[in-house]
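>>> Okay, predicted coordinates and the sequence, questions at the end:
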Amino acid sequence: MKKIIIVIDGPAGAGKTTVGRMLADCLGYRYIDTGALYRGVAFEAKAAELRIDDDSALENFCKTLKFEFVRDKRGVRILSGGLDITEKIRHPEITMLASKVSARPIVRKFLFGLQREMGLKKGVVLDGRDMGTVVFPDADIKFFLDASAEIRTHRRYNDLKSICYQTLDEIERDIKQRDKNDSSRDIAPLKPAPDAIIIDSTNFSAKEVVHLMLSYIKEVL
Ligand code: DC
């Protein structure tokens, strides 16, 4: 069967990562969480005490970064310079910094090249904010996954439980702030591609969303 490029964009907590992983497993495809790359830049910039508004320092810094995705029995992991940072990048402070870092054109340029390289081999599911609009406007199929702010807050709360404690109110505040940052930035703002299939997952389980997506994918295949 031919291998294709599938992209899923959408706001924080819409279920992109859960659904993206399940979809990739069903199809035997690779899964790439591009948000983890922005989080990786934020994590490393913080560790290096780099000022993210200093473009020239940021550009040189990006050139030193080496991210890769690997699979182990826990699932897909992200390595930075060979070190596993999968859990570390989920902390709320890194989450907010990732949203700020992602508005810097120099960072987007750096990750654009990396994401294109990772996706071009086909047989891949990528999720993010600008996959269908900027990075893979040529994707074979584009989904835009959304859900109500309330359900997204609850999903994030459940995701974060094992990593750190944040109240529902704090999570809701962060999600709203990130929605605002990610959709109002000048470069590659979060929005559906004109040819994206829009799915509202508010009342659906992850399995149901995957099932629905597979029915669209079968048409393309
Ligand atoms: O999907 P996520 O929550 O892990 O993403 C973290 C941040 O990275 C998010 O606030 C916006 C940014 N991001 C982006 O600008 N473009 C992408 N393709 C993926 C994420």
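Yes, it's here. The shown structure was predicted, so the numbers you read here are calculated from the model rather than taken from an experiment.
>>> Leu65 touches Val41, doesn't it?
Yes - the criterion here is C-beta atoms under 8 Å, and Leu65 meets it with Val41 at 6.7 Å. (C-beta placed from N, C-alpha, C; glycine too.)
>>> any common contacting residues for these two?
Phe110 (C-beta atoms under 8 Å, 6 or more residues apart in numbering).
>>> Would you state the strands of the chain in chain order?
5-9, 30-33, 67-72, 75-80, 83-84, 124-128, 141-146, 197-200 (DSSP state E).
>>> okay, the angle between the fourth one and strand 67-72?
In this case it means strand 75-80. Per axes from the mean of the first three to the mean of the last three C-alpha atoms, to 10 degrees, the angle that strand 75-80 makes with strand 67-72 is 150 degrees.
>>> now strand 75-80: mean pLDDT?
Averaging pLDDT along strand 75-80 gives 93.
>>> ok, how many other residues are close to the closest residue to Ile199 other than its chain neighbours?
Of all residues beyond its chain neighbours, the one nearest Ile199 is Leu145 (5.3 Å), with distances taken as C-beta to C-beta, 6 or more residues apart in numbering. Residue neighbour count, defined by other C-beta atoms under 10 Å, stands at 24 for Leu145.
>>> which residues touch Leu145?
By C-beta under 8 Å, 6+ apart, the residues touching Leu145 are Ile8, Asp9, Gly10, Ala14, Gly15, Lys16, Val19, Ile199, Ser201, Val209.
>>> Among the residues you listed, which ones are in helices?
Under the assignment DSSP state H, these contribute Lys16, Val19, Val209 to helices.
>>> Closest one of these to the ligand?
Nearest to the ligand out of these is Lys16 (C-beta to the nearest ligand atom; 6.5 Å).
>>> Count the residues that sit near the closest one.
Lys16 - counted by other C-beta under 10 Å - has 29 other residues nearby.
>>> residues in contact with it?
The contact partners of Lys16, taken as C-beta under 8 Å, 6+ apart, are Ile8, Asp9, Gly10, Gly35, Asp127, Gly128, Leu145.
>>> What sits closest to it if chain neighbours are left out?
That would be Asp127: by C-beta to C-beta, 6+ apart, it lies 4.1 Å from Lys16.
>>> List the residues that contact that neighbour.
Val7, Ile8, Asp9, Gly10, Lys16, Thr17, Gly20, Tyr31, Ile32, Asp33, Thr34, Gly35.
>>> Could you count how many residues lie near Ser183?
A total of 12 residues lie near Ser183 under the criterion other C-beta under 10 Å.
>>> separation between it and Ala206?
24 Å (C-beta to C-beta, to the nearest Å).
>>> residues from this structure in reach of the ligand?
Taking C-beta under 6 Å from any ligand atom as the criterion, the chain approaches the ligand at residues 12, 34-35, 38-39, 98-99, 102, 128-131, 178, 182.
>>> quick one, longest helix in the chain?
helix 168-184.
>>> Show me how far that helix is from its chain's centre.
15 Å (C-alpha atoms, centre = their mean, to the nearest Å).
>>> Tell me what Ile5 is bridged to.
With beta bridges defined as DSSP bridges, Ile5 has these partners: Val124.
>>> how many other residues sit next to it?
20.
>>> Read off the pLDDT value for it.
For Ile5, the predicted pLDDT is 97.
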